[in-house]
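A.B. asks: How does the following fold in three dimensions:
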Amino acid sequence: MPKLKTRKAAAKRFRATGSGKIMRRKAFKNHLLEHKTSDRKRRLSKMVAVNERDEENVRLMLPYL
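C.D. replies: Model prediction:
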């Protein structure tokens, strides 16, 4: 059986936890930050688990995660 290729774009965006959950960054923290509140920016900084409906697709893109 040949090796499977990892989708490099996905590898840069997702990380696995020790328990096997896949974590992602939140959106809307790249630019236009001046008018956003500090609380909102702090909340956007945290990592969050990938939705269970999307998790299967992410795992297919990252076969060795």
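A.B. asks: Give me the mean pLDDT for the lengthiest helix in the chain.
C.D. replies: Ranked by number of residues, the top helix in the chain under DSSP state H is helix 52-61. Mean pLDDT, helix 52-61: 96.
A.B. asks: What helices and strands are in contact with it?
C.D. replies: helix 8-11, strand 22-24 (3 or more Cβ pairs under 8 Å, 6 or more residues apart in numbering; DSSP states H and E). For the C-beta atoms, the positions are set from N, CA and C on the backbone; glycine is no exception.
A.B. asks: May I see the buried residues of whichever helix or strand comes after the shortest one?
C.D. replies: Using DSSP states H and E, the helix or strand that follows strand 22-24 in sequence is helix 38-45. Judged by neighbour count (16 or more other Cβ atoms under 10 Å), helix 38-45 contains these buried residues: Leu44.
A.B. asks: Within the sheet, what are the partner strands of whatever helix or strand comes next after helix 38-45, with directions?
C.D. replies: Once helix 38-45 ends, the next helix or strand along the chain (criterion: DSSP H and E) is strand 48-49. If you go by DSSP bridges, strand 48-49 pairs up with strand 22-24 (antiparallel).
A.B. asks: quick one: the strand it pairs with to chain centroid distance?
C.D. replies: Centroid separation for strand 22-24 versus its chain: 4 Å, with Cα atoms, centre = their mean, to the nearest Å.
A.B. asks: ok, back up a step: could you single out the most deeply buried of the helices and strands packed on helix 52-61?
C.D. replies: Greatest average neighbour count among these goes to strand 22-24 (a mean of 16), per mean count of other Cβ atoms under 10 Å.
A.B. asks: That strand - what's its average pLDDT?
C.D. replies: On average, the pLDDT along strand 22-24 is 97.
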